[in-house]
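Colleague: only geometry, no sequence info:
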DNA sequence: TTCATGGTTCGATCCTGATCGAACCATATG
DNA sequence: CATATGGTTCGATCAGGATCGAACCATGAA
């Protein structure tokens, strides 16, 4: 478990209220100065400086100096995603008891959008692709684009270049996932690796695949 | 910023090395006893007990008693997702310097699988759907299933029930995202809300949509 | 019933890190 | 050049929480 300390390090960075406030303030994509972030966090400029140094060292934020101003932004979309995930987990854990502000409402809504109609279309497409035998779920959990399917998507105008892996499955079974895949199948659920493709086409983000990894006892 | 403390609370839970080790040990979906988790974390049983109480109170794990044994599992797939996201951020932040063990390799590989061929097919399908005018990206960033598209997916055998919202767009523009959407469009990138659908069909998880929210300065 | 084992609770210890005042450096403006 | 403002660094303080030994409770097996 060599990895845990590093996970802990990142999590610990977001685990401080002041730093969490700063990160959240940066979620809308604007770049804020150290002073502004100090205000957001409700701490002094020196405390803010100390925190921001840590966030930058930890790779959660980027800083760009413009004259005497230091503009901070989230390091990348993954950090934003992390914050969103935290929000989601917090909400489910009922840790989120207060009504979020407008900005958070927008994020909430965006997430609802993810889980809505587009998801249904993706699911529908996957099922239809299977029924029409355009893709073939494999025993090992992978999904194969069939000859028929190749012809079909080609007829849609899909560029075949990236898909021209011959008989190569779209998603190969993963050694560590075999057991989980088998387990998931027995439960009448979709297999893990197969669900990778399905996740691509419409399920809530990664949930199915994680459900595969995450075999309920 | 009422939300930040709750985010911080969740993050802080994962921010302790012992707890992080425990959570990671549970990532493969197995249920582990308190004693096993104590071993995983390298702490005494009493310390483990204390930690597990917090994790359970925070909603990150679930516990099920069987006789004198207490089996712990991750609370849900979102928690697993959170851990994965943390791993991803840690990896990008170069905080991850050691070579992960086999189990982690499987997770890594699963993620590679996500970002691979299935993604290409999804992207290809989206583009083809647009080119064929089966879906129509709207000015406000939403995506509309066209009359033609409805007929098409219906011909695939896709159940129309969930999609029978008439002229309702698959993904409506979000008020808070309009500016970001416009901004993203100007950059030659895909719009935010439109990319919700696209994300469904193949882009790395939520990245595009977040990129939209996250407007680079 | 006794003993073993799993797990919780209590209390004391101590380390870590957030915090801020003071001082200093860097930049901008009049 | 002097003053104002943005931001960093240093050092001292102290609260919080991880930790573990001891004790206790709960369950299982002989």
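Modeller: Nice, thanks for sending it over. Quick caveat, the model's predicted, so the values are computed rather than measured.
Colleague: use CA for all of it now, contacts and neighbours both
Modeller: Noted.
Colleague: Next, give phi and psi for residue A:67.
Modeller: For residue A:67, the backbone dihedrals are phi 70, psi -130 (criterion: degrees, to the nearest 10).
Colleague: hang on, I meant residue A:30
Modeller: In this entry, residue A:30 is assigned phi and psi values of phi -70, psi 150 (degrees, to the nearest 10).
Colleague: Which helix or strand in chain A has the lowest average pLDDT?
Modeller: For chain A, scoring each helix and strand by mean pLDDT, DSSP states H and E identifies helix A:207-213 as the least confident one, at a mean of 26.
Colleague: Three-state assignment for residue A:59, please.
Modeller: Look at residue A:59: counting by DSSP: H, G, I helix; E, B strand; the rest coil, its state is coil.
Colleague: Go ahead and confirm residue A:87 touches residue B:11.
Modeller: No: counting by Cα atoms under 8 Å, no contact exists between residue A:87 and residue B:11, whose distance comes to 10.0 Å.
Colleague: Neighbour count: those two, which is higher?
Modeller: The residue with more neighbours, out of residue A:87 and residue B:11, is residue B:11; 29 against 26, by other Cα atoms under 10 Å in any protein chain shown.
Colleague: Look up how far residue B:157 lies from that one.
Modeller: Between residue B:11 and residue B:157 the computed distance is 44 Å (Cα to Cα, to the nearest Å).
Colleague: again with residue A:60
Modeller: Taking Cα to Cα as the measure, residue A:60 falls 45 Å from residue B:157.
Colleague: So the two - more neighbours on which side?
Modeller: Comparing residue A:60 with residue B:157 by other Cα under 10 Å, the one with more neighbours is residue A:60, at 25 against 16.
Colleague: Wait, the more buried one touches residue A:80, no?
Modeller: No: under the contact definition of Cα under 8 Å, residue A:60 does not touch residue A:80, with a separation of 9.1 Å.
Colleague: anything in contact with each of these two?
Modeller: Applying Cα atoms under 8 Å, 6 or more residues apart in numbering or on different chains, one finds that residue A:60 and residue A:80 are jointly contacted by residue A:74.
Colleague: Got the domain ranges for chain A?
Modeller: Structural domains assigned to chain A are A:4-113, A:117-213, following automatic domain parsing.
Colleague: comparing the ones you listed, which gets the lowest mean pLDDT score?
Modeller: When the domains of chain A are compared on mean pLDDT, domain A:117-213 scores lowest, with a mean of 46.
Colleague: and stretch A:73-87, is it in reach of DNA strand D?
Modeller: No: contact of stretch A:73-87 with DNA strand D is not found when judged by Cα under 7 Å from any atom of the strand; the minimum separation is 12.0 Å.
Colleague: Quick check: which element contains residue A:63?
Modeller: With secondary structure defined by DSSP states H and E, residue A:63 is part of strand A:61-66.
Colleague: who does the helix or strand following that strand touch, helix- and strand-wise?
Modeller: Sequence order places strand A:69-74 as the next helix or strand after strand A:61-66, per DSSP H and E. In this structure, strand A:69-74 packs against strand A:32-33, helix A:34-41, strand A:61-66, with contacts taken as 3 or more Cα pairs under 8 Å, 6 or more residues apart in numbering or on different chains; DSSP states H and E.
Colleague: in its sheet, what does strand A:69-74 sit against?
Modeller: Within its sheet, strand A:69-74 is paired with strand A:32-33 (antiparallel), strand A:61-66 (antiparallel), according to DSSP bridges.
Colleague: and chain A, which of its residues are near DNA strand C?
Modeller: Within chain A, the positions lying close to DNA strand C (Cα under 7 Å from any atom of the strand) are A:13, A:16-18, A:43-44, A:46-48, A:50-51, A:66-68.
Colleague: Any residue of the helix or strand hosting residue A:20 touching DNA strand D?
Modeller: Secondary structure here is read from DSSP H and E; on that basis residue A:20 sits in helix A:17-25. No: applying Cα under 7 Å from any atom of the strand, one finds that helix A:17-25 is not in contact with DNA strand D, the shortest distance being 10.4 Å.
Colleague: So that helix, near chain B or not?
Modeller: Yes: if you take Cα under 8 Å from any Cα of the partner chain as the test, helix A:17-25 does meet chain B, through A:17, A:20, A:21, A:24, A:25.
Colleague: Could you point out which of these is nearest to DNA strand D?
Modeller: residue A:17 (10.4 Å; Cα to the nearest atom of the strand).
Colleague: Count the neighbours of the closest one for me.
Modeller: The number of residues packed near residue A:17 is 21, by other Cα under 10 Å.
Colleague: ditto for the one 4 residues further on
Modeller: As a burial measure, residue A:21 scores 25 neighbours (other Cα under 10 Å).
Colleague: cool, residue A:72 as well?
Modeller: Other residues lying near residue A:72 total 25 when counted by other Cα under 10 Å.
Colleague: what's the answer for residue A:43, then?
Modeller: 14.
Colleague: which residues touch residue A:73?
Modeller: Taking Cα under 8 Å, 6+ apart as the definition of contact, the neighbours of residue A:73 are A:26, A:29, A:30, A:31, A:32, A:61, A:62, A:63.
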